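**Q** need a 3D model of the following:
(one chain, ligands or ions: 1)
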Amino acid sequence: MRPHTLLRLSATLLIGSLLAAASGSAQKQQSLPTQIPQHDAIVVGAAWYPEQWPETRWEEDLKLMEAANIKMVRIAEFAWSTMEPSEGHYEMDWLERAVAAAAKHHIMSVIGTPTAAPPAWLTQKHPEILRIEENGQRVTHGNRAHASSTSPIYREYCRKIAEEMAKRFGHNPNVVGWQIDNEYGYALMSYDDLTRKQFQDWLQRKYKTLDALNSFWTTAYWSETYDNWSEIPIPVGGHNPGLMLEWKRFVTSAWSDYQANQISAIRKYAEPLQFITGNFMGFFDGFDHYIMCEPLTFASWDDYVGTGHVDPDSNGLSHDLTRGFKRANFWLIETQPGAVNWANVNNYLNKGEVRAMAWQAIAHGADAVSYWQWRSALNGQEQYHGTLVGADGTPVPFYDEVRQIGQEFSKVQEAFRGTTNQSEVALLYSYDSHWAIQFQKHTQRYGDVALLKSYYRALRKLTPSVDVVSAYAPLGGYKLVVAPDLNVLPKDLANHLLEYVRSGGHLVLGPRSGLKEEHNELQTQRQPGYLAEALGARVEQYYALEKDFPASGEWGAGQVSIWAEQLGLLNSSAHTLLRYRKSNGWLDDQPAVVTSHCGKGRITYIGAILDDKLMSTTAEWMAKESGLRPPALSVPEGVELSVRSGGGNRITILINFAQEVKKVELGRPMKQLLSRRQAQSVELPQYGVEVLQE
Ligand code: GLA
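**A** Just a heads-up that it's a prediction; the model follows:
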């Protein structure tokens, strides 16, 4: 087991037992780190850049924010040149005044460290901190994410500014927390000698000997053998899969250290109650988010639709992924105020769509929804981005939608205090597996996240919450665990999963599972590798498909597409649930899905990508077989049902993402928290939201 994994498991177990100890009669008092003491449990926020405006304007902005029920501003994350206009000369009085002015309007502040945008004096003095891109060119000053996260010189400047900020604001009661950097430079690396040397040293610490590295990477292939650590290159695509996977892990470790440097600077001076978070980006895969989130108080993410309109399944899945980073509530620290400026077509979201998205975030475990941004800088790269007020300083039409969201959050905030999503189902996600598949997709049609989503969509219809967690997360509490893409499946992970199955869980594996070992080398047992014996079956051969083929069995009949694996039974305990029909000859009538009892539990292997029809019968079978509680309400297609509970409260959130009006029978009288009425049934127009209490 890798050290970070052990750390993660023990930390999670510790938090789990603390939470368990806090449950029961004390549950009402249980506080979540995402819900700030003495503030509303769920809040609306905005990114505000006071440094871009004359101070005489602040009061007007804050008045407008207060009127829109904005309770939080995120500030300063790009203000380095204003906070430290020349080296060692700190000017933070203005920021203190901005925080105080916001507080007068009952607005709490979250301060971002400005390290995504080092100032010109710094890049002039130390041009070596500017990143070198893959093509060997150094980036120039004037954009952002231009510094190298691995540069010790840059890290020292980052530490200093974070420390100065923490000294100044670490005990300010109106500063409730910190954001480190901004989107962590999109995990961009500098392809310079120093980074390469750090990578080589990191490899040496991990592998100890070159013999081990050469053997695990099979470097005899194409004469890749390394005789010296200094020969190992930074991969730029098309390199050895072992090297490529280790590079991704090194990138994670580099950004993790970059983050730790600032966390320790802040923690040294700041009040422990101030939280520390980072703003992630859903399925962005630059680094392993489970590792990045370990030292953070909670995870946050930036949710942008870009071109088009919100896809509730994709968006819900991204929320649940973020909730799974720390297996706890999170913040939506940036989201789209109507339109962005960076997509192919920067269309505006429909009236009401942003409100539906805000409620969807809350429904999936967010405790803050913050709009980027309040007002566009008059100059700068993002002039066209959506905002709440225009260049003239008065509200744009969208402002009223935010005001409504804020009003609604205020109304129901007590009901949400201490509530979280409770899931009986977990989907497992693994960055190692994701990267391994991305490096060698074998068919460009294969999308591991798309496959994850197809399981999510089908299961989410049958249960009000699905967790998306690391494959190494504790699984004991789940009735059903589905791992659609566990390509890299080393022995410690297999043992972890087997323990879950043997003690009564149901593990479902998808195609490509267990093909790879820890170093991205092929597993020498057939798929699913260490789990084949427990399954009583193995993969005889995998096939990338040019066209769809029929399949049928106990789950009915449908089509398989993109990828199909021919399964072979190893013993009589394995039972075939689905077979391929007339196909490429190889697959004709061969098993596509096999299930087997194992210990007190069950293990099922689904070797193909199923169409929607088969996927929904599969999900129904999984739910029934695993004993999932049926949802208390049945909702029509297009309506999303979520439940948050805790502290004696149980809140049901219904959102209609369909175009037509949808009626939902509640079966019993429920309290409508937004309208403060009682209802037995509700009607939801497009983007309609109901927040119901038992
Ligand atoms: C990202 C950044 C913000 C802003 C928005 C625009 O999420 O974090 O600074 O650029 O995109 O959509």
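
**Q** and the one residue in the chain that gets nearest to the ligand, bridged to which residues?
**A** As assessed by CB to the nearest ligand atom, the ligand sits closest to residue 302 within the chain, at 4.0 Å. In this view, the C-beta of every residue, glycine as well, is placed from N, C-alpha and C. With DSSP bridges as the criterion, residue 302 is bridged to residue 334.

**Q** what's the pLDDT at it?
**A** Turning to residue 302, the model gives it a pLDDT of 98.

**Q** so it makes contact with residue 183?
**A** Yes. The pair residue 302 / residue 183 is scored as a contact, 6.7 Å apart, by CB atoms under 8 Å.

**Q** tell me, what's touching these two both at once?
**A** 279, 280, 281 (CB atoms under 8 Å, 6 or more residues apart in numbering).

**Q** okay if I get those as JSON lines plus pLDDT and distance to residue 208?
**A** As requested, those are arranged in JSON lines below (pLDDT from 0 to 100; distance: CB to CB, whole Å):
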{"residue": "279", "pLDDT": "98", "distance to residue 208": "37"}
{"residue": "280", "pLDDT": "98", "distance to residue 208": "33"}
{"residue": "281", "pLDDT": "98", "distance to residue 208": "35"}
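
**Q** just the residues you listed: which are in strands?
**A** Assigned to strands by DSSP state E, the following of those qualify: 279, 280.

**Q** now render the shared contacts of residue 302 and residue 183 as TSV, adding distance to residue 651 and neighbour count.
**A** Output for the shared contacts of residue 302 and residue 183, formatted as TSV (distance: CB to CB, whole Å; neighbours: other CB atoms under 10 Å):
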residue	distance to residue 651	neighbour count
279	26	24
280	26	25
281	28	19
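
**Q** if we can go back for a sec, residue contacts, the residue of the chain closest to the ligand?
**A** 183, 279, 280, 281, 282, 332, 333, 334, 335, 372.

**Q** look up phi and psi at the nearest residue in space to residue 292 that is not next to it in sequence.
**A** For residue 292, ignoring the flanking residues on the chain, the nearest one in space by CB to CB, 6 or more residues apart in numbering is residue 256 at 5.8 Å. Backbone geometry at residue 256, expressed as degrees, to the nearest 10, gives phi -60, psi -40.

**Q** what is the burial count for residue 256?
**A** Residue 256: 20 surrounding residues under other CB atoms under 10 Å.

**Q** do the same with residue 81
**A** As a burial measure, residue 81 scores 16 neighbours (other CB under 10 Å).

**Q** is it within a helix or a strand, and which one?
**A** helix 80-83 (DSSP states H and E).

**Q** one more: residue 261?
**A** Using DSSP H and E, residue 261 falls within helix 241-269.

**Q** circling back: in the helix holding residue 81, what's buried?
**A** 80, 81, 82, 83 (16 or more other CB atoms under 10 Å).

**Q** now the residue lying closest to the second one once chain neighbours are set aside. Its backbone dihedrals?
**A** So the one you mean is residue 81. Take residue 81 and drop its neighbours on the chain: the residue closest to it by CB to CB, 6+ apart is residue 119, 3.9 Å away. Backbone torsions of residue 119, given as degrees, to the nearest 10, read phi -70, psi 170.

**Q** give me the below-cutoff pLDDT ranges for this protein.
**A** 1-30 (pLDDT under 70).

**Q** who in it is up against the ligand?
**A** Within the chain, the positions lying close to the ligand (CB under 6 Å from any ligand atom) are 182, 183, 302, 304, 334, 340, 372, 382, 385.

**Q** at 5 Å instead, please
**A** 183, 302, 334, 340, 372 (CB under 5 Å from any ligand atom).

**Q** out of the residues you listed, who has the most neighbours?
**A** The residue in the residues of the chain next to the ligand with the most neighbours, by other CB under 10 Å, is residue 334 (25 neighbours).

**Q** you'd agree that one is up against residue 368?
**A** No. The pair residue 334 and residue 368 fails to qualify as a contact (CB under 8 Å) at a distance of 10.5 Å.

**Q** pipe the residues of the chain next to the ligand into CSV and attach distance to residue 612 per row.
**A** What follows is the residues of the chain next to the ligand, written out as CSV (distance: CB to CB, whole Å):
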residue, distance to residue 612
183, 34
302, 30
334, 32
340, 30
372, 34
